[in-house]
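1. Have a look; sequence and predicted model below, questions after that.
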Amino acid sequence: MYSEDKKRHFSVNLLEWYRAHKRDLPWRRSKNPYHIWISEVMLQQTRVETVIPYFHRFTEQFPTVEALANAPEEDVLKAWEGLGYYSRARNLQSAVREVHERYGGIVPQEKEEISSLKGVGPYTSGAILSIAYNKPEPAVDGNVMRVLSRYFLIEEDIMKPSTRVKMEKLARELILEGTASDFNQALMELGAMVCTPRSPHCLTCPVMAQCSAREEGMEESLPIKKKAKPPRPELRAVAFIEGTGENEGKWLIRQRPQEGLLARMWELPHIQMQSAAWGSDQEVMNELKDSLMQQEQIAVKPASWFLDIEHTFSHIQWQMKVYRSQMNDAGEWIPFHYRWVGADELQQYAFPNVFLRIMKAVSGSPV
DNA sequence: AACTCGGGGGC
DNA sequence: GCCCCAGAGTT
């Protein structure tokens, strides 16, 4: 495969570089496996700078396995609000509850046991075992695949599972005796700070001397990655409903379904529309009124256009029109997953970011 | 193997 | 706009 000299040069120099240049990150200040675990789940597909404030709040609110295991799920979701991929939060709490009950609150050190926990895949299991327990397991994420694909000039599509398996085998071989914790973090640190996706800083790289991509002038064209499909557009009409009578000063919100996109989070009532019906505001408001009556049995009166807003997920793009609305009759019956809430109560409910933006635009202040 | 699942930062 | 980010689960 690759020469022992090339591999050793990589491991030795990368490790030395990391110990001199590593960033002072909150989750590097202890080896608490539970805290390492939280950080690794938050960091999935999420930047370090984004995670830092969430990590501080989360570990303060749920400082131990027991604290998170005993917390109401809605509190956990609220603490995750804005971070995205909310199944991460639900899976984390579910897994922490299993650790609490089955393992006495001790994060397991066996690969099979930790890998069986919800939300703990190949990367996260390796990251926890190596970083917290210094076990010689690979932790291959996007950073690592970029670094390895360049240094060893690997031209396989990193989106393919088979490529990740190959990278894990290689990464495992690179771990020197007793250095797994620092080495795995060093790989990711190099990818984040030096071997960046565009314009890598090769002149400051500790392993430039034997980097194959650098030798071939290919560092900018690796790794190879197939393009993702563009998100599909969806048209949605939103009713921003202000209460009257006994509900004066309150807004009508509803909880999303238990499964699927943004599961169990709260939102403003809205409907999806077909492009054929996506016409004038008057036509959209009529459709909004009729559909909410048919689908939810609530009598809403859309009154005036308020805002157009777009929100892009990984696979869907919501194009939304928001209408100021009222109910036909104050105090009317509403379905069980609906709720009238005042401005002070809104802070207890977890909302997807797009609805936070809408409510902020309406109220002129953060909710 | 393809799809689902958020949101933001950097260029 | 586009890409990518300390990915995992489901089909």
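-> Yep, that arrived.

2. Residue A:44 and DNA strand B, how far apart?
-> 7 Å (CB to the nearest atom of the strand, to the nearest Å). Backbone N, C-alpha and C define where each C-beta goes, glycine included.

3. And that residue, how far from residue A:147?
-> To residue A:147, residue A:44 is 18 Å away according to CB to CB, to the nearest Å.

4. Comparing those two, which shows the higher neighbour count?
-> residue A:147 (30 against 16; other CB atoms under 10 Å).

5. can you tell me which residues contact the residue nearest to residue A:277 when sequence neighbours are not counted?
-> Nearest residue to residue A:277, sequence neighbours excluded (CB to CB, 6 or more residues apart in numbering): residue A:287, at 5.3 Å. Counting by CB atoms under 8 Å, 6 or more residues apart in numbering, residue A:287 makes contact with A:237, A:271, A:273, A:277.

6. low pLDDT regions in chain A?
-> The model of chain A has pLDDT under 70 over residues A:330-331, A:366-367.

7. Near DNA strand B, which residues of it are found?
-> For chain A, the contact set with DNA strand B under CB under 7 Å from any atom of the strand comprises A:45-47, A:49-50, A:82-87, A:160-162, A:198, A:229, A:260-263, A:311-316, A:352-354.

8. Give me the neighbour count for residue A:226.
-> Count around residue A:226 with other CB under 10 Å applied: 9.

9. give the contact list for it.
-> Here residue A:226 is in contact with A:157, A:159 (CB under 8 Å, 6+ apart).

10. Leaving out the residues flanking it, which one is nearest to residue A:27?
-> Using CB to CB, 6+ apart, the nearest residue to residue A:27 is residue A:39, at 3.6 Å.

11. what's the one you found in contact with, if anything?
-> Neighbours of residue A:39 in contact, by CB under 8 Å, 6+ apart: A:26-27, A:51, A:55.

12. Now it: which helix or strand?
-> Using DSSP states H and E, the element containing residue A:39 is helix A:33-42.

13. after that helix comes which helix or strand?
-> Assigned by DSSP H and E, the successor of helix A:33-42 is helix A:48-61.

14. anything in that next one near DNA strand C?
-> Yes: residues of helix A:48-61 contacting DNA strand C under CB under 7 Å from any atom of the strand: residue A:48.

15. List of residues touching that helix?
-> A:25-27, A:35, A:38-39, A:42-43, A:67, A:71, A:75, A:79-80, A:82-83, A:192.

16. any idea which of those residues is closest to residue A:94?
-> Using CB to CB, residue A:71 comes nearest to residue A:94 of these, at 12.0 Å.

17. Quick check: that closest one touching residue A:92?
-> No: using CB atoms under 8 Å, residue A:71 is not in contact with residue A:92, being 11.1 Å away.

18. residues making contact with stretch A:353-361?
-> A:81-82, A:84, A:238, A:240, A:251, A:266-268, A:306-307, A:309, A:311, A:318, A:320, A:322, A:346, A:351, A:366-367.

19. Now with 7 Å, please.
-> Around stretch A:353-361, the neighbours that count as contacts under CB atoms under 7 Å, 6 or more residues apart in numbering are A:82, A:238, A:240, A:267-268, A:307, A:309, A:311, A:318, A:322, A:366-367.

20. Tell me which residues of that stretch come out buried.
-> A:354-356, A:358-359 (16 or more other CB atoms under 10 Å).

21. That stretch near DNA strand C at all?
-> No: contact of stretch A:353-361 with DNA strand C is not found when judged by CB under 7 Å from any atom of the strand; the minimum separation is 14.3 Å.

22. Pull that stretch out as PDB, backbone CA atoms only.
-> This file holds the C-alpha atoms of stretch A:353-361, laid out as PDB (Å, rounded to 0.1, in the frame of the first residue of the first chain):
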ATOM      1  CA  ASN A 353     -35.200  29.000  12.800                       C
ATOM      2  CA  VAL A 354     -37.500  30.100   9.900                       C
ATOM      3  CA  PHE A 355     -40.400  30.600  12.200                       C
ATOM      4  CA  LEU A 356     -38.200  32.500  14.700                       C
ATOM      5  CA  ARG A 357     -37.300  34.800  11.900                       C
ATOM      6  CA  ILE A 358     -41.000  35.300  11.000                       C
ATOM      7  CA  MET A 359     -42.000  36.000  14.600                       C
ATOM      8  CA  LYS A 360     -39.100  38.400  15.000                       C
ATOM      9  CA  ALA A 361     -40.200  40.300  12.000                       C
END
